[in-house]
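Enquirer: how would this look folded up:
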Amino acid sequence: MADDHPLGNRVGDMRSILTEDPQTWDILWKQKVTPWDSGEIQPPLRQVVESGEIPFTKGGRALVPGCGRGYDTIYLASALGHDTIGLDASATAVEAANQLAQSSSLDLDLVSKIHFEVADFFKYEVPEDRKFDLIYDYTFFVAIPPSKRSLWGSQINSLIKPGGYLITLMFPHVPVHDPQPYAAGPPFYSNFTSYEEVLRVGGSEWEVVLNKIPDDDTLLDVHKGKDRIVVWKRTA
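Expert: Residues are numbered from 1 along each chain as shown. As a prediction, this is how the structure comes out:
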């Protein structure tokens, strides 16, 4: 039931609007039904980038599918110096992201590294020499119907370069033996296995370089007991 969902009662409103048509995300943004939008980047992303645990490339290229208001896109450009692209199917979300970037008093060099595009992630293409050093997925994977998750895996593999990193902040992360604790997740459930299965399709090879359940006291309240952050490195 929506009342039991970590994102609260508005999840019911979201599910009543959302279909497999990507344009329904724009309806949600226009009606301000965005329960996933916490108003800031998630602490686990900041922690993994700033801890120095992972030797992320600096000054490369990054992608944030389902970027929403753009907090993560702006942050990755700022923290890693990446030329960073935020994609969203919703034109309203991209407009909000551009407004946020313009209102954030960013210096001109940083602004030049931040790009927002209205695009279908599953049809997005880049040439071989423009593939990404880093992709960050937070609440994008769980917005995809489980029957179509293999398409996510194929597309991630087509967009990231060998040696590149994928950061997956899994929310809500649920045990494999209890796959649907909220009837559908936000809007679907996830666990480590569901990501792993689709990333390794087609013979792609990935090394898990970080796999961590963050301490509750480091998380926003709604995420306590629900987050898992995994960093994958594409090895082949």
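
Enquirer: where along the chain do the helices fall?
Expert: For the chain, the helices defined by DSSP state H occupy 10-17, 24-30, 43-50, 71-80, 91-102, 108-111, 149-159, 192-199.

Enquirer: check contacts around the residue lying closest to Pro43 once chain neighbours are set aside.
Expert: Using Cβ to Cβ, 6 or more residues apart in numbering and skipping residues adjacent in sequence, the residue nearest Pro43 is Thr218, 5.3 Å away. (Glycine included, C-beta is placed from N, CA and C.) By Cβ atoms under 8 Å, 6 or more residues apart in numbering, Thr218 lies in contact with Pro43, Pro44, Gln47.

Enquirer: cool, Pro146 as well?
Expert: Pro146 neighbours (Cβ under 8 Å, 6+ apart): Phe188, Ser194.

Enquirer: for Glu197, see how far away it is.
Expert: Applying Cβ to Cβ, to the nearest Å, the value for Pro146 to Glu197 is 10 Å.

Enquirer: cool, Gly81 as well?
Expert: 33 Å.

Enquirer: give me the more crowded residue out of those two.
Expert: Legend: neighbour count by other Cβ atoms under 10 Å for Gly81 and Glu197, higher for Gly81 (16 against 12).

Enquirer: is it true that that one touches Gly59?
Expert: Yes: contact criterion Cβ atoms under 8 Å: Gly81 and Gly59 qualify, at 4.3 Å.

Enquirer: which parts of this structure are strands?
Expert: Applying DSSP state E to the chain gives strands spanning 61-65, 83-88, 114-118, 132-138, 160-170, 206-212, 228-234.

Enquirer: and these: which comes nearest Gln99?
Expert: strand 114-118 (10.1 Å; Cβ to Cβ).

Enquirer: got the confidence number for Pro145?
Expert: What the model reports for Pro145 is a pLDDT of 84.

Enquirer: check contacts around it.
Expert: By Cβ under 8 Å, 6+ apart, the contact list for Pro145 reads Glu20, Phe188.

Enquirer: backbone dihedrals for it, both of them.
Expert: Taking degrees, to the nearest 10, you get phi -50, psi 130 for the backbone angles of Pro145.

Enquirer: what's the closest non-adjacent residue to Pro162?
Expert: Excluding the flanking residues, the one nearest Pro162 by Cβ to Cβ, 6+ apart is Arg234, at 5.6 Å.

Enquirer: please name the bridge partners of the one you found.
Expert: Here Arg234 sits in beta bridges with Trp206, as judged by DSSP bridges.

Enquirer: that one reaches Gly153, doesn't it?
Expert: No: using Cβ under 8 Å, Arg234 makes no contact with Gly153, being 11.8 Å away.

Enquirer: give me the phi and psi for Ser103.
Expert: The phi and psi values for Ser103, taken as degrees, to the nearest 10, are phi -100, psi 0.

Enquirer: ok so, going back, count residues in the vicinity of the residue nearest to Pro162, would you?
Expert: The local packing of Arg234 (other Cβ under 10 Å) involves 20 other residues.
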